[in-house]
Structure formats: C-alpha cells, structure tokens
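Colleague: I would like the atomic coordinates for the input below:
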Amino acid sequence: MQRLEALNTIYPLLKDHIVVTNMGAVAVELYSLGHQPNFFYLEHSMGLASSVGLGLALCLPGQQVTVLDGDASVLMNLGTLSTLARYHPANLIHLIFDNESLLSVGGFPSATATGTDLAGVAKSSGVEHVAAADTLEDLDQAFTAAVDREALSVLVSKVEAVGPASFAMDIGLLENRIQFGRFLQGISSKS
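Modeller: Coordinates of the predicted model:
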C-alpha cells in the first residue's frame with residue numbers, strides 16, 4: 001500500500017478533525033490532496049507530531065484530533081506511546097505510517113525494518129485500542145472504528161518506502177501556523 005493511497009482513503013473524514021502531520025512525505029502528500037485550515041504540517045520537528053497532537057487533544061476535548069506520523073518520527077520520540085497511554089485522550093487517533101525507513105531524510109532503514117513492532121510497543125505501553133491496518137480496506141475500517149469509538153486509538157499501517165517527487169509545498173510554515181492558529185481560535189470561541 002502506498003501512503004498517498006492510504007491518505008486518500010481517510011481524507012474525507014479528516015475534514016472534520018484537527019490534523020497534525022509529522023515532517024516530510026506525510027505532510028506533502030496530505031497537502032497534495034487539498035489543504036484545509038484544520039491541517040497543521042509540523043515541518044522541521046521530527047518526532048514531535050504526537051506530542052503536539054496530545055496537547056491539542058487534552059486542551060480541546062470536544063474536538064477529534066488525528067496525528068499522521070511516520071515510523072522514524074515515532075522511534076525518535078518512542079516515549080510518546082506511554083505518554084499517550086497515560087493520558088488516554090478519548091479524542092485522539094495516532095496513525096503511524098511505517099515504511100521501515102527514514103525516507104524524508106535520506107531513506108536509511110529504521111528499526112522497524114529489523115523487527116521493532118510499533119503496534120506491539122503501543123499495546124505494551126498501555127494503549128488499549130491498537131490496530132495494524134496494512135490494506136486500504138483495513139485502514140478504512142480501522143480508522144472509521146477509531147472515529148466512532150471515542151477512545152485513544154493507535155493505528156499502524158505498513159506502506160511502501162516511496163514518497164513524493166518533491167518535498168516542496170506552496171504554503172509557507174508561518175502562513176500555515178497563522179492559519180491553523182486562527183482555525184483553533186474559531187473553534188475555541190464556539191465552545
């Protein structure tokens with residue numbers, strides 16, 4: 001399965017979520033499907049998407065938060081899985097695309113290429129709802145179930161180690177930050 005296909009499968013559901021992506025390919029590919037003001041591309045901050053997503057989920061419990069992450073980013077901040085389990089926000093879905101490489105920074109193999117099982121790590125860390133979703137159908141079902149569940153969910157999807165032809169996006173980092181901040185202010189004022 002390719003990550004872009006996977007993103008396309010869940011994209012219609014993301015329009016109603018606060019979405020935080022890790023750096024690199026995930027951000028560029030989500031952007032290519034159509035930018036929304038509720039999408040925050042956490043560029044140049046490898047490993048921190050889950051931490052930002054957790055903070056948003058805790059501060060905005062009435063909003064669904066989805067973190068789109070990669071295996072190498074999660075491995076860089078592996079303690080995030082136990083922190084997510086500790087706080088277990090009911091409104092957070094952490095979707096990890098595992099391509100077994102550091103694709104966005106050179107393509108070196110990640111620890112998942114040699115046996116680290118991120119779904120197993122999440123489960124052992126205390127996350128109750130963990131699923132492996134390695135086909136488009138499985139991802140669609142697992143993601144929909146996670147949205148309906150109203151409990152912390154960690155989904156891990158194996159994807160091919162292919163990325164976009166270019167990592168350039170038409171939206172600047174500052175522009176995205178300001179737009180996303182305005183989006184958050186808008187939903188906060190409605191609460």
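Colleague: so which helix or strand takes in Val130?
Modeller: Applying DSSP states H and E as the criterion places Val130 in strand 129-132.
Colleague: so what touches that strand?
Modeller: 119, 122-123, 138, 142, 145-146, 149, 151-158 (C-beta atoms under 8 Å, 6 or more residues apart in numbering). Using the backbone N, CA and C atoms, a C-beta is placed for each residue, glycine as well.
Colleague: which parts of that strand are buried?
Modeller: 129-132 (16 or more other C-beta atoms under 10 Å).
Colleague: for stretch 58-73, same thing?
Modeller: For stretch 58-73, burial by neighbour count (16+ other C-beta under 10 Å) applies to 60, 63-73.
Colleague: just stretch 175-183 next, same as before
Modeller: Going by neighbour count (16+ other C-beta under 10 Å), the buried part of stretch 175-183 is 176, 179-180, 183.
Colleague: what average pLDDT does that stretch get?
Modeller: Taken as a whole, stretch 175-183 carries a mean pLDDT of 95.
Colleague: residues contacting Leu92?
Modeller: For Leu92, the contact set (C-beta under 8 Å, 6+ apart) comprises 53-54, 57, 65-67, 84, 152-153.
Colleague: can we see that at 6 Å?
Modeller: Taking C-beta atoms under 6 Å, 6 or more residues apart in numbering as the criterion, Leu92 is in contact with 57, 65, 152.
Colleague: so which of these sit within helices?
Modeller: Residues of the contacts of Leu92 located in helices (DSSP state H): Ala57.
Colleague: on that earlier part again, among the buried residues of stretch 58-73, which one lies nearest to Gly107?
Modeller: Within the buried residues of stretch 58-73, proximity to Gly107 (C-beta to C-beta) peaks at Ala72, which comes in at 10.3 Å.
Colleague: hmm, Phe108 and that closest one touching each other?
Modeller: No. Contact criterion C-beta atoms under 6 Å: Ala72 and Phe108 do not qualify, at 8.5 Å.
Colleague: okay, and the common contacts of those two?
Modeller: Contact with both Ala72 and Phe108 is made by residues Leu102, according to C-beta under 6 Å, 6+ apart.
Colleague: brilliant, that's me finished.
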